[in-house]
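In: build me a model from this:
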Amino acid sequence: MKKTKLVLVLISLVLILSIFPKPTTAQTNVNCGKNNDIQKILDEITETSVAKWIRDLSGENPVVIDGEQYTITTRYTSELFNPANQNAKAYPYLTQELIKLGFVPGVTLHDHDYSFKSYAPKNLDRTIPDPEPIEIEAVGAKNLVLTIPGHGPNAHEQVLMTAHLDSTSNKPQTEAPGAEDNASGVSALMEAARLFRYYKFDRTIKIIFFTGEEQGLYGSYAYTEDFRHESDNMLGVVNLDMFGYDADRDYCMELHVGTMPESNVVGNCFTSVNNNYNLGVKVEYLTNEAIDRSDHYHFWRIGVGAVEILENYDYHSASYGCNGVRDRNPHYHRTTDLIQNMFIPATHRITQAGVGTVASMAGMMGKCFEGNPRLKATAQEDSIKLSWNAMQGADTYRIYRGTRTCAGEMEVLADVTGTSYIDYEIEYDTTYFYQIQAIETDGICFSEVLNCATAKVPKPEEPPVYDYRIFLPVSIKAE
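Out: Numbering: from 1, shown residues only. Take a look at the predicted model:
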């Protein structure tokens, strides 16, 4: 009889508990409503800032790497890692720029090494089946992985923002500018890195630059294989691949979501961000018609929700948003894939939507610091003394110095733990420009660098020179 009562009690408990909703899972605990801090981030993303990265990566602008000037004319994967090709230095260029932003090699910035066998030839048009592959040499390659650690209770969860760095064309070894495919996606990732460093997020953000995409999604395949053990903690992936060609100027693009419920969480967040921040992008939300020929596919393969952001590449139902038209880039995989053939206002808005989606899914927690340190520079007899106010939560302070303006190129002078520093490495009568940044090193969080302090030490006056020679009188005889 006691056993019967126990069974009845257990059944009653099960029935009672079934009335109440289950605890919210991580994938549904995503707030993609409007947030003032995310609005500030989106406002900082401009057409000029987006276009700058595209111009750098597609050979429109020369770039400086370790003090030397280069022009990036191709990003074909085998050439990216060919030391003999001086015009394919996109990988070290991005690495250098991320270090300038404050990210640390081996701590938050990692090379993910992998190798693959490449095949040739490849058709340039995805609608035509590839010919029989011919195996060529194995290629050593890298993905570049930037980690922004989470600060909240869900820091173990990851939101991934990805794009492929490599490009191709009808002259891939020497001339593959890839402005839209895919400097557009890389530009979005660099804008996110530039701005996310000033904010705290609940979840960890990983910004990943894949290579080997044009040869067969090799970089993303290698990453998902090597980090499959982290897949349960991957909340979602926003993959940005080739957007910004918009000949009809209708701001329409395709969002390839697929049929996985987990991907729907990401896709819905993207459309919410677009609407809540009035970005004005028209979105074709593709499920059954979603394509699998970009780096998002390998996340689908391991059960992680992912979407691809793409131009208006193909025909779809008029009800989807692009009015049943196709606006495909005719310069796709050609040497003419240049920024002049893009519509940067569309690139800009879609970049904002992608960045806003990642920031929302990661859980915005506000600025890293309440306010920013204020720097004062005081000239001394043979040095310049710098002093600033202490910032709560700061582990170190990074001092920058330049000799032109604070808006120009600044060098890192020192990282210090106190609130003052004396700069002895100066030249007289030279004006020095200083800026300072508070850093929380454990979470890799930065204050903004806003104020500019200047000082100049005048050259000391030389003491007067006295002539102590004695002149004796000289007699002059009359002639």
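
In: can you map out the strands along the stretch 251-400 of the chain?
Out: Under the criterion DSSP state E, counting those that start in this stretch, strands of the stretch 251-400 of the chain are mapped to 252-256, 282-286, 306-311, 364-367, 375-379, 384-388, 396-402.

In: the lengthiest strand in the chain: partners in the sheet, and parallel or antiparallel?
Out: For the chain, the strand with the greatest residue count under DSSP state E is strand 134-148. Under the criterion DSSP bridges, strand 134-148 sits next to strand 109-120 (antiparallel), strand 204-210 (antiparallel) in its sheet.

In: so which of these is the most surrounded?
Out: strand 204-210 (a mean of 25; mean count of other C-beta atoms under 10 Å). Any C-beta I mention is one placed from the backbone N, CA and C, and that applies to glycine too.

In: give the next helix or strand downstream of that one.
Out: Remark: after strand 204-210, the chain's next helix or strand is helix 213-216, criterion DSSP states H and E.

In: centre of the chain versus that following helix, how much separation?
Out: 21 Å (C-alpha atoms, centre = their mean, to the nearest Å).

In: just stretch 63-81 next, same as before
Out: Averaging C-alpha positions (C-alpha atoms, centre = their mean) puts stretch 63-81 18 Å from its chain's average.

In: also stretch 450-469?
Out: 46 Å.

In: can you give the contact residues for that stretch?
Out: 372, 374-384, 386, 405-406, 426, 428-436 (C-beta atoms under 8 Å, 6 or more residues apart in numbering).

In: buried only: go through those for me.
Out: 372, 375, 377, 384, 386, 406, 426, 432-436 (16 or more other C-beta atoms under 10 Å).

In: can I get the residues you listed in JSON lines with distance to Tyr466?
Out: Below are these laid out as JSON lines (distance: C-beta to C-beta, whole Å):
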{"residue": "Asn372", "distance to Tyr466": "53"}
{"residue": "Leu375", "distance to Tyr466": "44"}
{"residue": "Ala377", "distance to Tyr466": "37"}
{"residue": "Ile384", "distance to Tyr466": "33"}
{"residue": "Leu386", "distance to Tyr466": "40"}
{"residue": "Cys406", "distance to Tyr466": "45"}
{"residue": "Ile426", "distance to Tyr466": "31"}
{"residue": "Tyr432", "distance to Tyr466": "35"}
{"residue": "Phe433", "distance to Tyr466": "40"}
{"residue": "Tyr434", "distance to Tyr466": "41"}
{"residue": "Gln435", "distance to Tyr466": "46"}
{"residue": "Ile436", "distance to Tyr466": "46"}
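
In: what ranges do the strands span in the stretch 101-250 of the chain?
Out: Using DSSP E, counting those that start in this stretch, strands in the stretch 101-250 of the chain cover 109-120, 134-148, 158-164, 199-201, 204-210, 234-240.

In: please tabulate those in CSV, including the columns mean pLDDT and distance to Gln39.
Out: Formatted as CSV, those follow (pLDDT from 0 to 100; distance: least, C-beta to C-beta, whole Å):
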stretch, mean pLDDT, distance to Gln39
strand 109-120, 88, 28
strand 134-148, 86, 19
strand 158-164, 98, 19
strand 199-201, 98, 12
strand 204-210, 98, 18
strand 234-240, 98, 18
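
In: closest one to Ala176 among the strands paired with strand 134-148?
Out: Proximity to Ala176, assessed across the strands paired with strand 134-148 by C-beta to C-beta, is greatest for strand 109-120 (14.3 Å).

In: for that closest one, output the C-alpha coordinates as PDB.
Out: The C-alpha coordinates for strand 109-120 follow below in PDB (Å, rounded to 0.1, in the frame of the first residue of the first chain):
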ATOM      1  CA  LEU A 109      44.000  36.600 -31.300                       C
ATOM      2  CA  HIS A 110      44.800  33.200 -32.600                       C
ATOM      3  CA  ASP A 111      46.000  31.500 -35.800                       C
ATOM      4  CA  HIS A 112      44.100  28.400 -36.600                       C
ATOM      5  CA  ASP A 113      46.400  26.300 -38.800                       C
ATOM      6  CA  TYR A 114      45.000  23.700 -41.200                       C
ATOM      7  CA  SER A 115      45.900  22.100 -44.500                       C
ATOM      8  CA  PHE A 116      43.800  21.000 -47.500                       C
ATOM      9  CA  LYS A 117      44.200  19.600 -51.000                       C
ATOM     10  CA  SER A 118      43.100  22.100 -53.600                       C
ATOM     11  CA  TYR A 119      41.400  21.200 -56.900                       C
ATOM     12  CA  ALA A 120      41.300  22.800 -60.300                       C
END
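
In: torsion angles phi and psi at Phe243?
Out: phi -140, psi 150 (degrees, to the nearest 10).

In: can you give me the buried ones in the longest strand of the chain?
Out: 139, 141-148.

In: on that earlier part again, hey, which of the strands of the stretch 251-400 of the chain is tucked in deepest?
Out: By mean neighbour count, with neighbours taken as mean count of other C-beta under 10 Å, strand 306-311 ranks first of those at a mean of 28.

In: wouldn't Asn233 be in contact with Ala155 here?
Out: No: applying C-beta atoms under 8 Å, one finds Asn233 not in contact with Ala155, separated by 9.9 Å.

In: now do the domain split for this structure, please.
Out: Per the record, the chain has its domains at 36-366, 375-456, by automatic domain parsing.

In: ends of the last one, how far apart?
Out: When the termini of domain 375-456 are compared using C-alpha to C-alpha, to the nearest Å, they are 15 Å apart.

In: one more: stretch 149-157?
Out: Termini of stretch 149-157 sit 10 Å apart (C-alpha to C-alpha).

In: in that stretch, which residues are buried?
Out: 149-151, 154-155, 157.

In: could you do stretch 273-282 as well?
Out: For stretch 273-282, the neighbour count (16+ other C-beta under 10 Å) marks 273-274, 276-277, 279, 281 as buried.

In: what's the most distant pair in the buried ones among the contacts of stretch 450-469?
Out: Asn372 and Ile426, at 25.0 Å, using C-beta to C-beta across the buried ones among the contacts of stretch 450-469.

In: quick one, what contacts the closest residue to Ile291 other than its chain neighbours?
Out: Nearest residue to Ile291, sequence neighbours excluded (C-beta to C-beta, 6 or more residues apart in numbering): His256, at 5.6 Å. Contacts for His256 (C-beta under 8 Å, 6+ apart) come out as 286, 290-291, 294, 296, 307-308, 310.

In: adding distance to Arg334 and pLDDT, write the residues you listed out as JSON lines.
Out: Formatted as JSON lines, the contacts of His256 follow (distance: C-beta to C-beta, whole Å; pLDDT from 0 to 100):
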{"residue": "Leu286", "distance to Arg334": "25", "pLDDT": "97"}
{"residue": "Ala290", "distance to Arg334": "25", "pLDDT": "97"}
{"residue": "Ile291", "distance to Arg334": "20", "pLDDT": "96"}
{"residue": "Ser294", "distance to Arg334": "18", "pLDDT": "97"}
{"residue": "His296", "distance to Arg334": "24", "pLDDT": "98"}
{"residue": "Val307", "distance to Arg334": "26", "pLDDT": "98"}
{"residue": "Glu308", "distance to Arg334": "21", "pLDDT": "98"}
{"residue": "Leu310", "distance to Arg334": "18", "pLDDT": "98"}
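
In: can you list the low-confidence ranges for the stretch 1-150 of the chain?
Out: Along the stretch 1-150 of the chain, the parts satisfying pLDDT under 70 run over 1-28, 119-137.

In: how about the helices in it?
Out: Taking DSSP state H, counting those that start in this stretch, the helices of the stretch 1-150 of the chain run over residues 2-19, 36-44, 47-57, 77-80, 90-100.
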